[in-house]
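*Asks:* Here is a sequence together with a model predicted from it:
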Amino acid sequence: KNISGGFFMQFYKIYGELEKNENEEGVKRKKDLSYKIASRTAEFNGTNNKCFCFLSDMGDEVATFGLIITDSMNLVEFTEKYAKRIGVVAALSMPDEITLTNMQNLLSGANRQGYLEDDDEILERFGMANLGRRYNLDFGENLINYNAEQDELFDSARKLFASETLIPELERIYAGGKSIFAGGHPVHYIVETDDRDTRREMYKIILDALYVNLRLESCRYTYLDFRPGQNYSHMAFESLYKLAEGGAMVIRYLANDDTEEDAASGERDTVENICEMAKRYRNKVLTIICFPRECKKIKAQFYENLGTMAFVELREDFIDGSSAKVFLNDL
């Protein structure tokens, strides 16, 4: 796979099928000489902050490589050069994009095997060190369905109570057609719904459509839950945004109601910081902000702090009794 254009921070795993001569004494020898692999890994990558390739694990038949990429390159060719440098002969598979958590696990595995001199140094180099439970950030990751078909996405949208805004936006995305990714996002999104499952389906449909139309560079996205007045690390929050470059950040603002008391308890500071990060990374990260359907004051606070950023609103529809019966019959 060739990675090109735009801004991105991507993580990949590549399997290598070891040649027969690697399956005998060669594998055992390399395990015994893991310190040489670690030394050659450090030498191959140097102090480059744009890419990093490493061996995470090596069994009798398969080797597992990890790649951290922030620059344009042919991933397989780069990994082949690295494998040759450390003395591993393997037929490489196509790379699979993985999440931040999976990359951390690959680095940890390499460190345990002795294939890295210090995985903490790599985490620090690529901005992955400032994350964890102690920073009070409730986040997760997922991968976009890069095989999503247009008809499937429209069918999924029609099954939601959001067709008035969601389907027209899908039509606009597909009307633009596919083009080489050039970076930047003309619009971001606000999702308004009270139902957790509807919220998830709405932003997943939009992300799938944007990715297959080459409006996102990475198929990895981060989702992050905030509560009004929540105490959290601003440094860790920015680290998440930095690591999301080329992909998307889904901010799920979990307000229970829309009262002045919420705003007085620190909600405004939380909203201001979310908006500041969205504006700072507006051209590098697609931001989707989700909050309850009828939180008008919260919505006004977000718009007050988002400045000139353009947002498309995707809302859960209000359906009356007769419309609900038609909808259920269609299902």
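*Replies:* Everything's here; your move.

*Asks:* CA atoms for contacts and neighbours, from now on please.
*Replies:* Will do.

*Asks:* Would you mind naming the helix or strand containing the residue nearest in space to the middle of the chain?
*Replies:* By Cα atoms, centre = their mean, the chain has its centre lying nearest to Tyr221, at 2.3 Å. Applying DSSP states H and E as the criterion places Tyr221 in strand 220-226.

*Asks:* how about the CA coordinates for stretch 300-316, as CSV?
*Replies:* Extracted in CSV, the C-alpha atoms of stretch 300-316 (Å, rounded to 0.1, in the frame of the first residue of the first chain):
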residue,chain,number,x,y,z
ALA,A,300,-25.3,27.4,21.4
GLN,A,301,-22.2,27.2,23.6
PHE,A,302,-20.4,25.0,21.1
TYR,A,303,-21.2,27.3,18.2
GLU,A,304,-20.1,30.3,20.2
ASN,A,305,-16.7,28.8,20.7
LEU,A,306,-16.2,27.1,17.3
GLY,A,307,-15.7,30.3,15.4
THR,A,308,-15.7,30.0,11.6
MET,A,309,-15.6,26.2,11.5
ALA,A,310,-18.3,24.8,9.2
PHE,A,311,-20.5,22.1,10.7
VAL,A,312,-23.3,20.0,9.1
GLU,A,313,-26.0,19.0,11.6
LEU,A,314,-27.3,15.5,11.5
ARG,A,315,-30.4,15.1,13.7
GLU,A,316,-32.6,12.3,14.9
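
*Asks:* May I see the buried residues of that stretch?
*Replies:* Applying a neighbour-count criterion of 16 or more other Cα atoms under 10 Å, one finds Gln301, Phe302, Tyr303, Asn305, Leu306, Phe311, Glu313, Leu314, Arg315, Glu316 buried in stretch 300-316.

*Asks:* residues in contact with the strand holding Tyr221?
*Replies:* Residues from elsewhere that reach strand 220-226, judged by Cα atoms under 8 Å, 6 or more residues apart in numbering: 10, 97-99, 137-144, 240, 244, 247-254.

*Asks:* Give me the buried entries from these.
*Replies:* 10, 97-99, 137, 139, 141, 143-144, 240, 244, 247-253.

*Asks:* Which of the residues you listed fall in strands?
*Replies:* Counting by DSSP state E, the part of these found in strands is Gln10, Glu97, Ile98, Phe139, Glu141, Leu143, Ala248, Met249, Val250, Ile251, Arg252, Tyr253.

*Asks:* what about the helices in the stretch 151-300 of the chain?
*Replies:* 163-175, 196-212, 234-243, 260-262, 268-280, 296-306 (DSSP state H, counting those that start in this stretch).

*Asks:* Among the ones you listed, show the one with the smallest mean pLDDT.
*Replies:* Of all those, helix 260-262 carries the lowest average pLDDT, namely a mean of 49.

*Asks:* What sits closest to Gly109 if chain neighbours are left out?
*Replies:* What sits nearest to Gly109 in space, not counting adjacent residues and going by Cα to Cα, 6 or more residues apart in numbering, is Ser56, at 5.6 Å.

*Asks:* which residues touch the one you found?
*Replies:* Ala63, Thr64, Phe65, Gly66, Leu106, Leu107, Gly109, Ala110, Asn111, Gln113, Tyr115.

*Asks:* For the chain, which residues score under the pLDDT cut-off?
*Replies:* 1-7, 20-32, 132-135, 177-183, 256-266, 318-324, 326-327, 330-331 (pLDDT under 70).

*Asks:* hang on, Leu286 packs against Tyr241?
*Replies:* No: using Cα atoms under 8 Å, Leu286 makes no contact with Tyr241, being 9.9 Å away.

*Asks:* So for these two, which sits in the more crowded spot?
*Replies:* In this comparison of Leu286 against Tyr241, neighbours counted by other Cα atoms under 10 Å, the higher total goes to Leu286 at 28 against 21.

*Asks:* Tell me the bridge partners for the nearest residue to that one once chain neighbours are set aside.
*Replies:* For Leu286, ignoring the flanking residues on the chain, the nearest one in space by Cα to Cα, 6+ apart is Ala248 at 4.5 Å. Beta-bridge partners recorded for Ala248 (DSSP bridges): Tyr221, Leu286.

*Asks:* so who does Ala248 touch?
*Replies:* Leu207, Leu216, Arg220, Tyr221, Thr222, Val285, Leu286, Thr287, Ile288.

*Asks:* isn't Cys53 right next to Thr79, touching?
*Replies:* Yes: using Cα under 8 Å, Cys53 is in contact with Thr79, at 6.7 Å.

*Asks:* any shared contact partners between the two?
*Replies:* The contact lists of Cys53 and Thr79 share Phe65, where a contact means Cα under 8 Å, 6+ apart.

*Asks:* In contact with the spatially closest residue to Thr165 that is not a sequence neighbour, which residues?
*Replies:* Distances taken as Cα to Cα, 6+ apart put Leu314 closest to Thr165, at 5.3 Å, once the chain neighbours are dropped. Shown in contact with Leu314 (Cα under 8 Å, 6+ apart): Ala162, Thr165, Leu166, Tyr189, Ile190, Val191, Glu192, Met202.
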